[in-house]
Every structure is written in C-alpha cells, then in structure tokens.
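Colleague: sequence? don't have it. structure:
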C-alpha cells in the first residue's frame, strides 16, 4: 500500500498534482492547504498518501502533513462523508480550526464550509468528538475564542481574493489589534495594506 511518495512535480492544480516517481506519474488529489505548500513545477515534493479503492478504481489522496491525513481518515469514517467532501472540508478550514469547531460543537462554523449542511455538521460533531482525543492525542487543541462576524467576514473576503485561509486569518488578526469595533470595510483595507507591505 502506498503511504508516502517523494517525486518531481510535473503539473499541479488547485485540487490535484501529478508527481513523477521512478518514471511513473501519479495523479494525487489534494486539499487547498496542501496545494499552497507545493513547490514549483519540476521541483521535488513529498506527500503523505491515502489510497482509496472503490469499484476496482484506485484513487490517491495526498497531504502535506500527517495531521491532515489523519483528519481526512476521520472525516471519511463519518456516515455521508466521502473522499471528495472530506477534501473539500479540509480545503475550507484549517486543521486546528476544524478540530476546535468539532470539540466546541461549533455547528455554525462547520456549516460555512461549502458542501457541509446542518445535518452533516451535527453528524461530524457526534461521531468525531470522542475520537479526536484518542486518534490525535498529540494535537494541540485549544478552546476556540469566539470571533466576531466582522473578523470572519474579513477573512472570507481575503480568501475569496485568493489568499490562503491561515494567512488571511493571521493578517486580519494583525489588522484588528486594538480595534474592537472596527468596520468591515476598514478592516479589509488595513489587511490589504499589511499584505502589500509584506510583498
């Protein structure tokens, strides 16, 4: 069974990458979080692999970290969540934020992930909350601070502009320091200014 692969990137898209190893090109489906970690074309990459076999068809799913692979395996164990939806979930929320949302039973946050409805969110919490501490004992789980809607909307705006979720959160957090009642438009402007200065 393929558990890990190292090779040269032949092509990459937001949802998949082709990695050449010993003259064979492997098509591997990935979440956005892994896509953002990929090096340039023809450079070497290493991915944790989960092979999924269905109806005699083998599909490879790849992850930049073991944590993401374990989360993927947990997600597909939930009734109604297949590999494609699991990848979609990992593309729509960071690993630690996903763990926090489940542990804190934050249905509203989970429902913001495209493809996840209220029933699926509740099922995720019900089936995964107890598993997290046993399957992921090394994960640093912290109680999630409630973010105001303006913060979340600003992060969403940056993500829609093409910025990685985790990077967007850090920038908006920096822009909102010392400003408890900042307006959304102003917060987005401050965030974009911070990004421009770092370019």
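Modeller: Everything's here; your move. Quick caveat, the model's predicted, so the values are computed rather than measured.

Colleague: residue ranges with poor pLDDT in this protein?
Modeller: For the chain, the stretches with pLDDT under 70 are 133-148, 178-181, 199.

Colleague: quick one: the helices in it, in order.
Modeller: Along the chain, the stretches classed as helices by DSSP state H are 32-35, 66-75, 83-92, 95-103, 107-111, 118-135, 149-160, 165-175, 184-198.

Colleague: could I get the ones you listed as TSV with distance to residue 3?
Modeller: Quick note: C-beta positions are derived from backbone N, CA and C, even for glycine. Below are those laid out as TSV (distance: least, Cβ to Cβ, whole Å):
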stretch	distance to residue 3
helix 32-35	16
helix 66-75	9
helix 83-92	16
helix 95-103	19
helix 107-111	29
helix 118-135	17
helix 149-160	31
helix 165-175	26
helix 184-198	36
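
Colleague: ok, longest strand in the protein?
Modeller: When the chain is parsed with DSSP state E, its longest strand is strand 44-54.

Colleague: work out the sheet partners of that strand and label each with its direction, please.
Modeller: Sheet pairing of strand 44-54 (DSSP bridges) gives strand 4-12 (antiparallel), strand 57-63 (antiparallel).

Colleague: which positions within the last one qualify as buried?
Modeller: To tie it back to what came earlier, the one meant is strand 57-63. 60-63 (16 or more other Cβ atoms under 10 Å).

Colleague: ditto for the first one
Modeller: By neighbour count on 16+ other Cβ under 10 Å, the buried set for strand 4-12 is 5, 7, 9, 12.

Colleague: out of these, which comes closest to residue 28?
Modeller: Set against residue 28, the nearest of the buried residues of strand 4-12 by Cβ to Cβ is residue 5 (7.4 Å).

Colleague: what sits against the closest one?
Modeller: Residue 5 makes contacts with 19, 21, 26, 28, 46-47, 49, 62, as judged by Cβ atoms under 8 Å, 6 or more residues apart in numbering.

Colleague: from residue 90, how far out is it?
Modeller: Between residue 5 and residue 90 the distance is 18 Å, computed by Cβ to Cβ, to the nearest Å.

Colleague: got the strands paired with strand 44-54 as TSV, with distance to residue 184 columns?
Modeller: Listed next are the strands paired with strand 44-54 as TSV, based on distance: least, Cβ to Cβ, whole Å:
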stretch	distance to residue 184
strand 4-12	33
strand 57-63	33
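
Colleague: list phi and psi for the residue sitting furthest away from the middle of the chain.
Modeller: For the chain, the residue at maximal distance from the C-alpha centroid (Cα atoms, centre = their mean) is residue 23, at 30.2 Å. Main-chain dihedrals, residue 23, degrees, to the nearest 10: phi 80, psi 0.
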